[in-house]
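Peer 1: Any chance you can model this:
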Amino acid sequence: MATTTFDLYNLMERDNVLLAFKGTVTSDLLSSVFQIMESKMVDLNDSPATKKKVFNVLVECLQNLYHHIDDFDNENTIFDTSTGDKKSAIFSISRHEDYYNIVTGNFIYPKNVDEITSKITHINSLDRDQLKAYYKEVLGNGKLSEKGGGGLGLIDIAKKSRNKLGYSFKEIDKDYSFFTLIVKILKK
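Peer 2: Residues are numbered from 1 along each chain as shown. Prediction:
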């Protein structure tokens, strides 16, 4: 049975979704999302510190998503119609009584799964002070990734959210996996 628009509305209402998107992530899209969320956050009754933390984590998550969508050999190649464009991504921001959730998802090469898992496992093993020290260490090592960053995105997200990062991978086929990152931000 096909999902109706009303079913989707009810699902988003039940899950307290403020904003959700599926498609190609561009710099223009990010600018629009940041403007929308900035105005939405003004209307919410959260502390200024919570609003700032949520916005900062959102910026980092979406920039990370934008900069780290794998560069596929042929950007115009698409999967079969059931899975969509490889450069496509998804994200949602939801607000709950005691926390916000930011969820991002994008296609990656399976060869990158172990490296990402290792990075997140290490980041999640650190306490707040260790995380700060690790951030400074990576920042100071002077190595830049192919994407121009030093691998600081996930560290910064964990540091700013003050929470462990949730994640999962779904194998699509031998050539592609789908990476989901879940960031929980507690309200102050």
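Peer 1: Might you report the residue contacts of Ile123?
Peer 2: 131, 134, 154-155, 158, 165 (Cβ atoms under 8 Å, 6 or more residues apart in numbering). For glycine as for every other residue, the C-beta is placed from the backbone atoms N, C-alpha and C.
Peer 1: Which of the residues you listed lies at the shortest distance from Ala89?
Peer 2: Leu154 (16.0 Å; Cβ to Cβ).
Peer 1: I'd guessed that closest one sits against Lys119; true?
Peer 2: Yes. Leu154 lies in contact with Lys119 (Cβ atoms under 8 Å); the separation is 5.8 Å.
Peer 1: Compare the two (neighbour count), which wins?
Peer 2: Leu154 (22 against 16; other Cβ atoms under 10 Å).
Peer 1: do you know how far that one is from Asp175?
Peer 2: 24 Å (Cβ to Cβ, to the nearest Å).
Peer 1: where does Asp15 land on pLDDT?
Peer 2: Looking at Asp15, its pLDDT is 91.
Peer 1: Tell me the spacing between the closest residue to it other than its chain neighbours and Leu19.
Peer 2: Leaving out its chain neighbours, the residue that sits closest to Asp15 by Cβ to Cβ, 6 or more residues apart in numbering is Ser94, at 5.6 Å. Plainly put, Ser94 is 9 Å away from Leu19 if you go by Cβ to Cβ.
Peer 1: what does Ile155 give?
Peer 2: Ile155 is 25 Å from Leu19, by Cβ to Cβ.
Peer 1: same question, Ala89
Peer 2: From Ala89 to Leu19 the distance is 14 Å (Cβ to Cβ).
Peer 1: Looking at the two, which one has more neighbours?
Peer 2: Between Ala89 and Leu19, counted using other Cβ under 10 Å, the more crowded position is Ala89 (24 against 16).
Peer 1: Show me the longest helix that occurs in the protein.
Peer 2: helix 48-68 (DSSP state H).
Peer 1: Which other helices and strands does that helix contact?
Peer 2: Counting contacts by 3 or more Cβ pairs under 8 Å, 6 or more residues apart in numbering; DSSP states H and E, helix 48-68 packs against helix 27-43, strand 88-95, strand 99-108, helix 152-161, strand 177-186.
Peer 1: Please repeat the previous calculation with a cut-off of 6 Å.
Peer 2: helix 27-43, strand 99-108, helix 152-161, strand 177-186 (3 or more Cβ pairs under 6 Å, 6 or more residues apart in numbering; DSSP states H and E).
Peer 1: tilt between that helix and strand 177-186?
Peer 2: Interaxial angle, helix 48-68 versus strand 177-186 (axes from the mean of the first three to the mean of the last three Cα atoms, to 10 degrees): 170 degrees.
Peer 1: partners of the closest residue to Ala89 other than its chain neighbours in the sheet?
Peer 2: Nearest non-adjacent residue to Ala89, counting by Cβ to Cβ, 6+ apart: Asn106, 4.1 Å away. Taking DSSP bridges as the rule, Asn106 bridges to Ala89, Phe179.
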